[in-house]
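Visitor: any chance you could fold what I've pasted below:
(one chain, ligands or ions: 1)
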Amino acid sequence: MHRKDELKHQGMRNHLVSELKTKGITDENVLKAIAKVPRHLYLDSSFEAHAYQDKAFPIGANQTISQPFTVATQTALLEVKSGDKILEVGTGCGYQTAVLIALGAKVYTVERQLELFKKTKLFFQQMPYRPKKMIYGDGYIGYAEQAPFDGIIVTAGAPELPEALLKQLTLGGRLVIPVGDGSTQQMHKYVKTSPTKFSKSLHGEFRFVPLLEDKEGLS
Ligand code: SAH
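Guide: The predicted structure follows:
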């Protein structure tokens, strides 16, 4: 790869971490992961100068990379421990995936847009943060083949809760998902507390691109 991670980028990342702290992110492990992952390499080179601002950016195919604050919030809610098996729905450019891997998670990640799937799959091969598997498919139905998961994170706005995802959690497993059918969503966290019960909590309003059903070609 001709683009590099240099000292100046580390400086910008440290700055971003301070900004996230002032915005209320306290999870030290999450902040450390964000300090490690070179976000500028996950963006088109034309956005490189802005990569460490707390902003969302276009990544092609009408999709966006989530704002660092959103990534930090969702990752902290997921309570990732090293070795956890995590399912990510909505790979996009792979930045959130990399943050999870930097925390020691084994990540399975699903993307429904073929163009992004191909591009990001190639990109992962050039980076040190690689998922266990990247799947071209519809994350709405989860990934039964590798279930159950210690955590499931959805990085697109779901009009309603996809029940299949709850079924794919381990006991104690967490599902972090933005739910809402308008232009904004409420961040929901579900924890599987018994074989049949879940606790639910809400964690603020966010704005995501929509979670779409089926694969791109089929919808
Ligand atoms: N985590 C990503 C965020 C990308 S935006 C990042 O950091 O870049 C949300 C992504 O979810 C898009 O790439 C979109 O194509 C994908 N998506 C939407 N509906 C989906 C579905 N049903 N299954 C899998 N991916 C989906």
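
Visitor: roughly how far apart are the residue most central in space within the chain and the ligand?
Guide: For the chain, the residue nearest the mean C-alpha position is Gln96 (3.7 Å; Cα atoms, centre = their mean). The gap separating Gln96 from the ligand is 4 Å, by Cβ to the nearest ligand atom, to the nearest Å. No exception for glycine: its C-beta is placed from N, CA and C like everyone else's.

Visitor: swap in Leu171?
Guide: On the measure of Cβ to the nearest ligand atom, Leu171 and the ligand end up 25 Å apart.

Visitor: longest helix of the chain?
Guide: Counting by DSSP state H, the longest helix found in the chain is helix 7-22.

Visitor: in it, which residues are buried?
Guide: The neighbour-count check on helix 7-22 (16 or more other Cβ atoms under 10 Å) flags 9, 12-13, 16-17, 20 as buried.

Visitor: which neighbouring elements make contact with that helix?
Guide: Counting contacts by 3 or more Cβ pairs under 8 Å, 6 or more residues apart in numbering; DSSP states H and E, helix 7-22 packs against helix 28-36, helix 39-42, helix 68-78.

Visitor: could you pull out the strands in this protein for me?
Guide: 57-60, 63-65, 85-89, 106-111, 133-136, 149-154, 169-179, 185-192, 198-206 (DSSP state E).

Visitor: centre of the chain versus the longest one, how much separation?
Guide: When you say that, I think you mean strand 169-179. 13 Å (Cα atoms, centre = their mean, to the nearest Å).

Visitor: so which elements touch it?
Guide: Counting contacts by 3+ Cβ pairs under 8 Å, 6+ apart, strand 169-179 is packed against helix 68-78, strand 149-154, helix 163-167, strand 185-192.

Visitor: deepest in the core, which of the ones you listed is it.
Guide: strand 149-154 (a mean of 26; mean count of other Cβ atoms under 10 Å).

Visitor: for that strand, give me every contacting residue.
Guide: 74-75, 78-81, 84-90, 96, 100, 105, 108, 139, 142, 162, 165, 168-170, 172-178, 211 (Cβ atoms under 8 Å, 6 or more residues apart in numbering).

Visitor: and it, average pLDDT?
Guide: The average pLDDT for strand 149-154 rounds to 98.

Visitor: what pairs with that strand, parallel or antiparallel?
Guide: strand 85-89 (parallel), strand 169-179 (parallel) (DSSP bridges).

Visitor: mind putting the ones you listed into CSV with mean neighbour count and mean pLDDT?
Guide: As requested, the strands paired with strand 149-154 are exported to CSV (neighbours: other Cβ atoms under 10 Å; pLDDT from 0 to 100):
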stretch, mean neighbour count, mean pLDDT
strand 85-89, 25, 98
strand 169-179, 20, 98
